[in-house]
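> generate a structure from the sequence data that follows.
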Amino acid sequence: MNKKFIALAVAAAVAPAAFAADEVVLYGQVNVAIVSDNTKDNTFSVDDEASRIGVKGSEGLGNGMNAWFQIESKVRPDDANQNGFATREGWVGLKSSEFGGIQLGRGKSAYTKAYEEFDPWYQDKSFSVNGDDQLGYTGTALVPDKKDGGYKYRTDNTIRYTYSMPGMDVMVDYSVGENKNKTTGQKEATNLSYSVKGTISDFWYIVGANMGRNLTNNGSKLNNVLLGGGTAFGDLALGAGFQRHVFSENGYGTNKRNSFLVNAMYNLEGNSLYGGVIIADKLKYGSVKLADSRYVRYGAGLAVPLSKRTNIVTEYMATDFAGSQKDTSYFSVGAYHSF
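From the prediction side, this is the model:
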């Protein structure tokens, strides 16, 4: 359960430890769906669903040490103008089975990888990202929307350390603020995140944290903590998690929010049936809980494999907001091919 639910992710997963020595591999996904989305003026469209192409490789250095690299680029089969080279991942590193691995570059943060353990969706409107603002709060005249509610999905200028032992995997990364504002003396944003994944008997668990600093010009601080786990009962797999969010900024104050995540996956005669819900508690600003800030996001999906690499995927997702913000819904049917 502590991995992506559908077979697509297994085919496309990138793990340096799994590289064979002295090889270069081309991999990717081509995912295109027919979409109905009530957040757009045109509710019907043909959209890319996180397609990508990448190349990865490794070289044996002797004494159990390997050098490896990965370059992964965004691909938009529906719109060539939005393609870009190395827009998703870019790493080079060294890895040893005895001492762990060190890598430099850019990619999904350790906290992102932890949160995605609860995100089975493949459409762009996934559980892991709620627009630019995971809080789902549009703000008021008294309490503006700081667009701070998510976490740093991908981090630039990152140093990462990984270590694996029986029953446990550890990942720690630090995104360096390379420059400083000469007028204010303030450094660029930095981000420290980590995740610890492991198993105990038939259960899996994950712990993650994200600490962003100087995200704005007012010395802001963003802290997220995630705790969760799950287990399986035959063909049924269940997972649950808790996330704590705290944001503060000079001249603004502090806001806090708790959210709860539950998901399930059922193997239905070789097909993957999955669903989940996120319940986001009221945003607390100072000592006041904002009544119009709560939201619930829920959805379900079905992946039907046509082969080891190709799936037909149908997904539905909706978000209900307590305030005046428009409720959203998103439905897609598409072909997803991994190579």
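> quick one: the helices in the stretch 101-250 of the chain?
Taking DSSP state H, counting those that start in this stretch, the helices of the stretch 101-250 of the chain run over residues 110-115.
> quick one: low-confidence residue ranges for it.
Scanning the stretch 101-250 of the chain for pLDDT under 70 picks out 122-151, 180-186, 216-218.
> now the strands for it?
Applying DSSP state E, counting those that start in this stretch to the stretch 101-250 of the chain gives strands spanning 154-165, 168-175, 190-200, 203-213, 221-233, 236-249.
> in TSV: those strands, plus mean neighbour count.
For every residue, glycine as well, the C-beta is placed using N, CA and C. Formatted as TSV, those follow (neighbours: other C-beta atoms under 10 Å):
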stretch	mean neighbour count
strand 154-165	18
strand 168-175	19
strand 190-200	19
strand 203-213	20
strand 221-233	18
strand 236-249	18
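> can you lay out these as CSV showing distance to Val24?
Listed next are these as CSV, based on distance: least, C-beta to C-beta, whole Å:
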stretch, distance to Val24
strand 154-165, 21
strand 168-175, 24
strand 190-200, 28
strand 203-213, 31
strand 221-233, 35
strand 236-249, 34
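> so which of the ones you listed is nearest Val25?
Proximity to Val25 (C-beta to C-beta) singles out strand 154-165 among the strands of the stretch 101-250 of the chain, at 19.3 Å.
> out of the strands of the stretch 101-250 of the chain, the one nearest Arg76 is which?
Per C-beta to C-beta, nearest to Arg76 of these: strand 154-165, 17.1 Å.
> beta partners for Thr199?
When bridges are called by DSSP bridges, Thr199 pairs up with Trp204.
> now Phe85: which helix or strand?
In the assignment (DSSP states H and E), Phe85 maps to strand 84-96.
> relative orientation of that strand and strand 154-165 in degrees?
Interaxial angle, strand 84-96 versus strand 154-165 (axes from the mean of the first three to the mean of the last three C-alpha atoms, to 10 degrees): 30 degrees.
> going forward, count from 209.
All right, first residue 209 from here; so that's strand 292-304.
> mind giving me the packing neighbours of strand 292-304?
Judged by 3 or more C-beta pairs under 8 Å, 6 or more residues apart in numbering; DSSP states H and E, the packing partners of strand 292-304 are strand 260-270, strand 273-282, strand 308-316, strand 362-373.
> list the buried residues in the shortest one.
Read it as strand 308-316. Across strand 308-316, burial judged by 16 or more other C-beta atoms under 10 Å covers 308-309, 311, 313-316.
> do you know which of the helices and strands packed on strand 292-304 lies nearest Trp299?
Short answer: strand 308-316, nearest of the helices and strands packed on strand 292-304 by C-beta to C-beta, at 3.9 Å.
> then the closest one to CSV, C-alphas only?
C-alpha atoms of strand 308-316 as CSV (Å, rounded to 0.1, in the frame of the first residue of the first chain):
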residue,chain,number,x,y,z
GLY,A,308,23.4,5.5,1.3
GLY,A,309,23.3,8.0,-1.5
ILE,A,310,23.9,11.7,-2.1
GLN,A,311,22.5,13.6,-5.1
LEU,A,312,22.3,17.1,-6.4
GLY,A,313,19.8,18.8,-8.7
ARG,A,314,16.0,19.4,-8.8
GLY,A,315,12.8,17.4,-8.4
LYS,A,316,10.0,16.4,-6.1
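> check the offset of that strand from the chain's centre.
Relative to its parent chain, strand 308-316 has a centroid offset of 16 Å by C-alpha atoms, centre = their mean, to the nearest Å.
> what angle do it and strand 362-373 make?
150 degrees.
> quick one: terminal-to-terminal distance for stretch 306-323?
27 Å (C-alpha to C-alpha, to the nearest Å).
> sorry, slip of the keys, the one I care about is stretch 256-263.
Stretch 256-263: ends 20 Å apart by C-alpha to C-alpha.
> show me which residues of that stretch are buried.
Neighbour-count burial for stretch 256-263 [16+ other C-beta under 10 Å]: 256-262.
> put the alpha carbons of stretch 409-418 into PDB.
The C-alpha coordinates for stretch 409-418 follow below in PDB (Å, rounded to 0.1, in the frame of the first residue of the first chain):
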ATOM      1  CA  SER A 409       4.500  -6.700  10.300                       C
ATOM      2  CA  ASP A 410       1.600  -6.300   7.900                       C
ATOM      3  CA  PHE A 411       1.400  -2.500   8.300                       C
ATOM      4  CA  TRP A 412       3.300   0.300   6.600                       C
ATOM      5  CA  TYR A 413       3.900   3.800   7.900                       C
ATOM      6  CA  ILE A 414       5.200   7.100   6.800                       C
ATOM      7  CA  VAL A 415       6.400  10.300   8.500                       C
ATOM      8  CA  GLY A 416       7.200  13.500   6.600                       C
ATOM      9  CA  ALA A 417       7.900  17.100   7.300                       C
ATOM     10  CA  ASN A 418       8.500  20.300   5.300                       C
END
